[in-house]
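Participant: got a predicted structure here, sequence first:
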2 protein chains.
Amino acid sequence: MAVGHCPFPQMPPLEGVRLGCAMAGIKKPQRRDLVVIELPEGATTVGVFTQNAFCAAPVIAAKTHLESTASRYWVINTGNANAGTGEAGLTDAYRTCQAMAEQAGVVSKAVLPFSTGVIGEPLPMERLLAGLPDAFAALDGSSQAWEAAGQGILTTDTRAKGATATGIIDGQAFHINGITKGSGMIKPNMATMLGFVVSDVTIEKSLLARLLRETVDLSFNAITVDSDTSTNDACMLAATNTGVRIETDEQVATFKAALQEVMTSLAQMIIRDGEGATKFVTLEVVGAKSRCEALDVAFTVAHSPLVKTALYASDANWGRILAAVGRAPIERFDVSRVVIDLGDVRLVENGGRAAGYSEAAGSRVMGEEEITIRIDLGRGEARATVWTSDLSHDYVSINADYRS
Amino acid sequence: MAVGHCPFPQMPPLEGVRLGCAMAGIKKPQRRDLVVIELPEGATTVGVFTQNAFCAAPVIAAKTHLESTASRYWVINTGNANAGTGEAGLTDAYRTCQAMAEQAGVVSKAVLPFSTGVIGEPLPMERLLAGLPDAFAALDGSSQAWEAAGQGILTTDTRAKGATATGIIDGQAFHINGITKGSGMIKPNMATMLGFVVSDVTIEKSLLARLLRETVDLSFNAITVDSDTSTNDACMLAATNTGVRIETDEQVATFKAALQEVMTSLAQMIIRDGEGATKFVTLEVVGAKSRCEALDVAFTVAHSPLVKTALYASDANWGRILAAVGRAPIERFDVSRVVIDLGDVRLVENGGRAAGYSEAAGSRVMGEEEITIRIDLGRGEARATVWTSDLSHDYVSINADYRS
């Protein structure tokens, strides 16, 4: 299942950027499962990675390589996460980089590996390495290549996820293309598994890194399907440094707005395609003392299995929302000031059911496919928005059957 | 669904303690939904209540009454939680106490109200008050009365839950009887919704209160079905003060051990009857720096939808356990020291899959109805044990259909 329609957009070509796919048979035959993304010499690359303490071997390798060298190639396999694989897994990750580097004639550190799929099984290196030449030979900068790459990184996702934005700075157009994957084990902490975003702007690395962190915090770090932070989360951002220069405050603001648009679109696509999702839910928490507090409330509601099953059932059982808000870790929480709205319907005020509330009005909103729950804590000026999906029979089926 | 068999035990009579039920038709006709528990004059009563900020009206009323007077009557209704009902709900809770007090000829503050059921709907006071005389007339101290009361407080539970323990101090027998209910919205924080435990010992109130807190921390506060802390949690403990005196360290130790046995049995019964439960899972976290840290890891794993669906599927997808441990909020977490065992099978050591692990061995343990997951963090001496259930299709069905 998935919420709404998200056709893959037409991606503009970015100078020096090419993508190639292969069917390496890593987990299943006859599906795209190996992707190579080529960046031009002189590109600036930054990334954010999972905070899961059991971070995967490719995450360790990618972070290490990224520290020393700007990357030229990102190699992504699906079907196996190469996580929980200890020293052998790390060796496999570095061997992947080495093989790619030899193929392309670059140093090994210019290659970053990414893996997604089942945790704890050895990466089938023979099949992966055998697929690399095909992926390399397929490198192409077209919109079709972006879409094929978007398909090649999927696991339980039901559709490829891409977003693009174009802006104008000093009369010159710039572009940002991104693809992402993720459907379950989605509660990113720094980034989600996986996002790849490239722009043709020219920009300092430290500035690019800051913009990545800031836009990820409002996008990938503000979504949850099931509260489970993956071992393999990574969001990469590259600037080809071939186009317009981003330096002044105004240039940064324009570029950042476009980047945020791409990041938020990609993050929302993950929720719309969340495992078993039938609803796309926006949680807006306002009136908090801090953004951290607002996020605590939003994620407490977003993770509540009882709220999520009520959303699935289109059941206006708002008492579950109230109960979830009430158990959020808030100090000295005066619930008499809390106001909760479901779409345009007021649910809660003065510590209980709002005076004008009717079951019919609540049910009307709960029946919709896209639902906004707005929670005003009445404590301050800070706010946060989080996106989530519902908890359906399909979520259980997908995850009870995933390995079989 | 429910795990295993838990027949209601034979309860010994406790001097001055009687229980009565009525069918008040609060939500559905022809089911026991109103329970009165009578305690003797001179009894000592203590309680612990939900930490949910949106705590229910009966919780507020019960806490207020308990502060000023030892209770003689506990009045419990199912079918309606009287939570999220604002001032009107509080008035209803106090009116319930007043009506019971008039019926029994005691002061209103000697009555404590408890409610469980749907949140946010007004308590049907007319039907509740009309049922009180029937419940009062039915008061009886037999084991059958305990079992009927155990049935009268259920919501989505599939069976009545009772536990009893008998001990000997200074040659004199003492007894502890308890009943509890709870199946969903179970992640108690101070106590669970609802537990009622009575003993015939003689004991100081402050000591009884301390023993309640300590035994609840290792029982009701160590279980979770779905991470959702209820608005109505309450665990009550009464001593009739008619029997053996509990004073010396040795007497306290003997009584506490028996009390812990009853509390732990009741808490485990809630998990075995958790909504949709097909597995009973024990999470033992050892080698932590503090109990708080051990609990953080245990609850992170216990709340993971991916771990819970793997348990449901009897799928030895241990990578999900590793990923959940890795995202627990632990500072400076060296995962290379973590050892994870599934029953008698070692899953994880040295940061990855244990050398001797085989899928066949893992699947054998996962196929069992009662499963122990033992996680050694290798950081210290503290430990914690948490009990949880799996996440099944029935959990989604029960909670998507609960109000319909």
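Facilitator: Arrived safely.
Participant: excluding its backbone neighbours, what's nearest the residue in the stretch 201-350 of chain A that chain B sits nearest to?
Facilitator: When scored by CB to the nearest CB, the stretch 201-350 of chain A has A:G319 as its residue closest to chain B, at 2.5 Å. Glycine gets a C-beta too; all of them are placed from N, C-alpha and C. Closest residue to A:G319 apart from its sequence neighbours, by CB to CB, 6 or more residues apart in numbering or on different chains: B:I119 at 2.5 Å.
Participant: try A:I371
Facilitator: The nearest residue in space to A:I371 (CB to CB, 6+ apart) is A:V281, at 5.0 Å.
Participant: show me where pLDDT drops low in chain A?
Facilitator: A:1, A:190-193, A:402-404 (pLDDT under 70).
Participant: and with 80 instead?
Facilitator: Scanning chain A for pLDDT under 80 picks out A:1, A:185-193, A:401-404.
Participant: quick one, domains of it?
Facilitator: Listed by automatic domain parsing, the domain ranges of chain A are A:18-272, A:280-401.
Participant: would a markdown table of these with mean neighbour count be doable?
Facilitator: Listed next are these as a markdown table, based on neighbours: other CB atoms under 10 Å in any protein chain shown:
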| stretch | mean neighbour count |
| --- | --- |
| domain A:18-272 | 22 |
| domain A:280-401 | 20 |
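Participant: and what about A:Q98, helix, strand or coil?
Facilitator: Assigned state for A:Q98: helix (three-state reduction, DSSP: H, G, I helix; E, B strand; the rest coil).
Participant: hang on, it packs against A:S108?
Facilitator: Yes - in terms of CB atoms under 8 Å, A:Q98 counts as a neighbour of A:S108; the distance is 4.9 Å.
Participant: residue boundaries of the helices in the stretch 151-300 of chain A?
Facilitator: A:205-217, A:249-272, A:291-303 (DSSP state H, counting those that start in this stretch).
Participant: still on that earlier bit, can you lay out the domains of chain A as TSV showing distance to B:P7?
Facilitator: Output for the domains of chain A, formatted as TSV (distance: least, CB to CB, whole Å):
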stretch	distance to B:P7
domain A:18-272	36
domain A:280-401	29
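Participant: what's the closest of those to B:S397?
Facilitator: Nearest of the domains of chain A to B:S397, taken as CB to CB: domain A:280-401 at 7.4 Å.
Participant: end to end, how far does the closest one reach?
Facilitator: End-to-end distance of domain A:280-401 (CA to CA, to the nearest Å): 24 Å.
Participant: how about stretch A:143-159?
Facilitator: 16 Å.
Participant: circling back: just put the helices of the stretch 151-300 of chain A in CSV and tack on distance to chain B.
Facilitator: Below are those laid out as CSV (distance: least, CB to the nearest CB, whole Å):
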stretch, distance to chain B
helix A:205-217, 17
helix A:249-272, 15
helix A:291-303, 7
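Participant: just the C-alpha atoms of stretch A:335-349, please, in PDB.
Facilitator: C-alpha atoms of stretch A:335-349 as PDB (Å, rounded to 0.1, in the frame of the first residue of the first chain):
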ATOM      1  CA  VAL A 335      -2.800  19.900  30.300                       C
ATOM      2  CA  SER A 336      -5.600  22.400  30.900                       C
ATOM      3  CA  ARG A 337      -3.800  24.700  28.400                       C
ATOM      4  CA  VAL A 338      -3.500  22.100  25.600                       C
ATOM      5  CA  VAL A 339      -5.600  22.600  22.500                       C
ATOM      6  CA  ILE A 340      -5.800  19.700  19.900                       C
ATOM      7  CA  ASP A 341      -7.200  20.100  16.400                       C
ATOM      8  CA  LEU A 342      -7.900  17.400  13.900                       C
ATOM      9  CA  GLY A 343      -7.900  19.100  10.600                       C
ATOM     10  CA  ASP A 344     -10.400  22.000  11.100                       C
ATOM     11  CA  VAL A 345     -12.200  20.300  14.000                       C
ATOM     12  CA  ARG A 346     -11.300  21.200  17.600                       C
ATOM     13  CA  LEU A 347     -10.900  18.000  19.700                       C
ATOM     14  CA  VAL A 348      -9.600  19.100  23.000                       C
ATOM     15  CA  GLU A 349      -9.500  22.200  25.100                       C
END
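Participant: for the closest residue to A:A323 other than its chain neighbours, give me its contacts.
Facilitator: With sequence-adjacent residues excluded and distances taken as CB to CB, 6+ apart, A:A323 is closest to B:T231, at 5.1 Å. If a contact means CB atoms under 8 Å, 6 or more residues apart in numbering or on different chains, then B:T231 has A:319, A:322-323, A:326, B:50, B:52, B:54-56, B:59, B:81, B:83-84, B:119 as its contacts.
Participant: same check, this time on A:F333
Facilitator: A:326, A:377, B:53.
Participant: in this structure A:G178 contacts A:A160, no?
Facilitator: No - the pair A:G178 and A:A160 does not pass the contact test of CB under 8 Å, sitting 11.8 Å apart.
Participant: pretty sure A:W74 sits in a strand.
Facilitator: Yes - assigned with three-state DSSP, A:W74 falls within a strand.
Participant: all strands for the stretch 101-250 of chain A, in order.
Facilitator: Residue ranges of the strands in the stretch 101-250 of chain A, as given by DSSP state E, counting those that start in this stretch, are A:111-116, A:161-169, A:172-180, A:193-199, A:223-224, A:234-239.
Participant: nice, that's everything, thank you.
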